[in-house]
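> build me a model from this:
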Amino acid sequence: MSAAPLLPPPALASPLGGLLRLAWPLIISRLSQVVVSLSDGVMVAHLGAAPLAATTTGATNAFTLLIFPLGVVFIVSSYTSQLHGRGEAVAARRYGWYGLLLALGAEALCLLSIPAWPRVLGWLPYDPEVERQMLDYLSLRLLGGGAAVGIEALANYYGGLGRTRPGMLANLAAMALNVGLNWVLIDGRLGAPALGVSGAALASSLASGAACLGLLAYFLWEGRAFPRPTLRARELGRMLGFGLPAGLNWLFEFLAFVFFINVVVAGLGTPALAAVNAVFLLNSVAFMPAFGLSSAGAILVGQAIGAGQREAVPRLVWLTARVAAAWQGLAGLVYLACPALLMGPFAKGAEAETVSAAGVRMLLVSAAWQLFDASATALAEALRAAGDTLFPLLARLVIAWVVFVPGSLASVYLWGGREVAATLWLVAYLGLLAGVLYLRFRSGAWRRVVLVEPAP
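Next up, the predicted model:
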């Protein structure tokens, strides 16, 4: 079986329509994930600052385990988009199976990590009540970790084929189930016990599992039209050779943010910790659609490379970067216009005023990094689609751990700064990253990368 390339030369003359057609299901998918995160925070906020901090920080810590396999499975889209551009549908489908194997590995990792979390959290400066509730959250939330990776693996398989709706439908199902189960389990409705923070975690795991099973059933149903898959260890190894740097790229950057939250901001007290997590949740409303746009641009880049049209790639990348920057720039203006209104749903309980004030200050600073964030994301996704995964890893590793982490740590613990001083280092980090990735793309090194081996 084969598929015609999605990007014949005439389509490259006006790629905006193709970008938006691919992007809108990805944007909805990412926004549905934002709704899940926001609903967890908002629906436990009435329980107080400690449950809010435990839920939002617990979700961040759970994501620390998942960010590596999630980053690796994104390489599935790089392969399937290039193979689709070459018209090799059977070969592309094998990478969907490879992604599912990675999801099984992620589930094993999550289950094995659960007994270690009490010791890990004991090393960090949490209030005892926050630590206790966070352990309850993690022990349940990590049960659905492999399912979350499985959804991304299959969504990337379909996305590389130019079919971004199956992943969207799976994410929408997960969102609807998560919000509904939160309503039932957090406060105890319809006869269920009131589980509080644990209810939010259980809702997320159940929702991810159900959505993953639905998408897997669809993948298997479609497989009836394909020959029986013959998985190849050499292909899987080659995929991991490109995918592991992509996963480490995400992991080391995310670890820097986890350090920022758990050490730098946690040292400022529980209200500041709750506020910074709320700010990051709000910023995800700006980032996730831009990430969806950038992923759509990466699909077009991969398909163009697979179709032998590398000369079209720069135009696709600059178009993607401009559209993403327009969206995130608009979000930054909203942050400047009404920060207190945006923080309102998170500022509940006895320390509401303190949480709101700290959040407003950080939200105003976050407006400054929106254009940098959009540019860095578009460039990084384009390089990943081309198979240039090692250089972005090294760039993020150096900028995050040589500039961002030491700078923010010194601002708080040596120079006595508060939330604003720490958050300004995020602006510096994203600005430097965008500049370095721009220079890498302009160098043309990605043109020499061979991701998919030539067909026999």
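
> okay, and for the protein, where does confidence drop off?
Within the chain, the stretches with pLDDT under 70 are 1-14, 345-352, 455-456.

> show me which helix runs longest in it.
Ranked by number of residues, the top helix in the chain under DSSP state H is helix 270-306.

> against Ser408, how distant is Trp415?
Using CB to CB, to the nearest Å, Trp415 is found at 11 Å from Ser408. In short, each C-beta sits where N, CA and C put it, glycine included.

> and the two? Which one has more around it.
Ser408 (25 against 8; other CB atoms under 10 Å).

> and the closest residue to the more buried one other than its chain neighbours, how many neighbours?
Nearest non-adjacent residue to Ser408, counting by CB to CB, 6 or more residues apart in numbering: Trp425, 4.2 Å away. A total of 23 residues lie near Trp425 under the criterion other CB under 10 Å.

> and Trp425, what does it touch?
Contacts for Trp425 (CB atoms under 8 Å, 6 or more residues apart in numbering) come out as Val403, Phe404, Gly407, Ser408, Ser411.

> tell me the buried residues in whichever helix or strand it is part of?
Assigned by DSSP states H and E, Trp425 belongs to helix 419-443. Neighbour counts over helix 419-443 (16 or more other CB atoms under 10 Å) mark 419, 421-437, 440-441 as buried.

> who touches Thr270 in this structure?
Applying CB under 8 Å, 6+ apart, we find Thr270 in contact with Ala49, Ala50, Ala53, Asp127, Val130, Glu351.

> hmm, the fifth one is touching Gly58, no?
No. Using CB atoms under 8 Å, Val130 makes no contact with Gly58, being 9.1 Å away.

> may I see the buried residues of stretch 236-254?
Quick answer for stretch 236-254 (16+ other CB under 10 Å): 236, 239, 242-254.

> contacts for stretch 237-254 next, please.
Identification of contacts with stretch 237-254 by CB under 8 Å, 6+ apart yields 63-64, 67-76, 78-79, 95, 98, 380, 384, 387, 389-390, 392-393, 396-397, 400-401, 451, 453.

> for stretch 330-346, same thing?
Applying CB under 8 Å, 6+ apart, the set of residues contacting stretch 330-346 from outside is 41-42, 45, 52, 274-275, 278-279, 281-283, 285-286, 355-356, 359-360, 363-364, 366-368, 370-371.

> again, 7 Å this time
Stretch 330-346 has contacts (CB atoms under 7 Å, 6 or more residues apart in numbering) with 41-42, 45, 52, 278, 282, 285-286, 355-356, 359-360, 363-364, 366-367, 370.

> skip the chain neighbours and tell me the closest residue to Ser37.
Nearest residue to Ser37 in three dimensions, chain neighbours excluded: Leu281, at 5.5 Å (CB to CB, 6+ apart).

> which ones are touching Val258?
Per CB under 7 Å, 6+ apart, neighbours of Val258: Thr60, Asn61, Thr64.

> how far away is it from Trp446?
According to CB to CB, Val258 and Trp446 sit 29 Å apart.

> do the same with Val73
Relative to Trp446, and taking CB to CB, Val73 is found at 21 Å.

> ok, back up a step: measure the residue nearest to Ser37 to Ile299 for me?
27 Å.

> same check, this time on Val130
Relative to Ile299, and taking CB to CB, Val130 is found at 41 Å.

> for the closest residue to Ala400 other than its chain neighbours, give me phi and psi.
By the measure of CB to CB, 6+ apart, the closest residue to Ala400 outside its immediate chain neighbours is Ala256, 3.8 Å from it. For Ala256, the backbone dihedrals are phi -60, psi -40 (criterion: degrees, to the nearest 10).

> right, and Ala256 touches Val403 too?
No. Judged on CB atoms under 7 Å, Ala256 makes no contact with Val403 at a distance of 9.7 Å.

> what is the burial count for Gly58?
As a burial measure, Gly58 scores 28 neighbours (other CB under 10 Å).

> that one: what's it in contact with?
Gly58 makes contact with Met134, Tyr137, Leu138, Arg141, according to CB under 7 Å, 6+ apart.

> what's near enough to touch Ala211?
Ala211 sits in contact with Ile151, Ala170, Ala173, Ala174, Leu177, where contact means CB under 7 Å, 6+ apart.

> how many other residues sit next to the third one?
When you say that, I think you mean Ala173. Neighbour count for Ala173, taken as other CB under 10 Å: 19.

> host element of Tyr335?
Judged by DSSP H and E, Tyr335 forms part of helix 313-337.

> next one: the very next helix or strand once past that helix to chain centre, how far?
Remark: after helix 313-337, the chain's next helix or strand is helix 339-343, criterion DSSP H and E. In this view, helix 339-343 has its centroid 24 Å away from the chain centroid, taken as CA atoms, centre = their mean, to the nearest Å.

> need the contact partners of the next helix or strand after helix 339-343.
Using DSSP H and E, the helix or strand that follows helix 339-343 in sequence is helix 352-366. Contact with helix 352-366 is made by 49, 271-272, 274-276, 278-279, 282-283, 335-336, 339-340, 342-343, 346-347, 419-420, 423-424, 427, as judged by CB under 7 Å, 6+ apart.

> try stretch 430-439
Applying CB under 7 Å, 6+ apart, the contact partners of stretch 430-439 are 369, 372-373, 375-376, 379-380, 383, 392, 395-396, 399, 403.

> nearest to Val120, of those residues?
Distance to Val120 across the contacts of stretch 430-439 (CB to CB) is lowest for Arg396, with 23.0 Å.

> quick one, what contacts that closest one?
Counting by CB under 7 Å, 6+ apart, Arg396 touches Asn249, Phe252, Glu253, Leu433.

> buried residues in stretch 251-267, which are they?
Neighbour-count burial for stretch 251-267, counted by 16+ other CB under 10 Å, picks out 251-266.

> nearest to Ser208 among the residues you listed?
Phe254 (18.7 Å).

> distance of that closest one from Ser113?
15 Å.

> likewise for Leu248?
In terms of CB to CB, Leu248 sits 18 Å off from Ser113.
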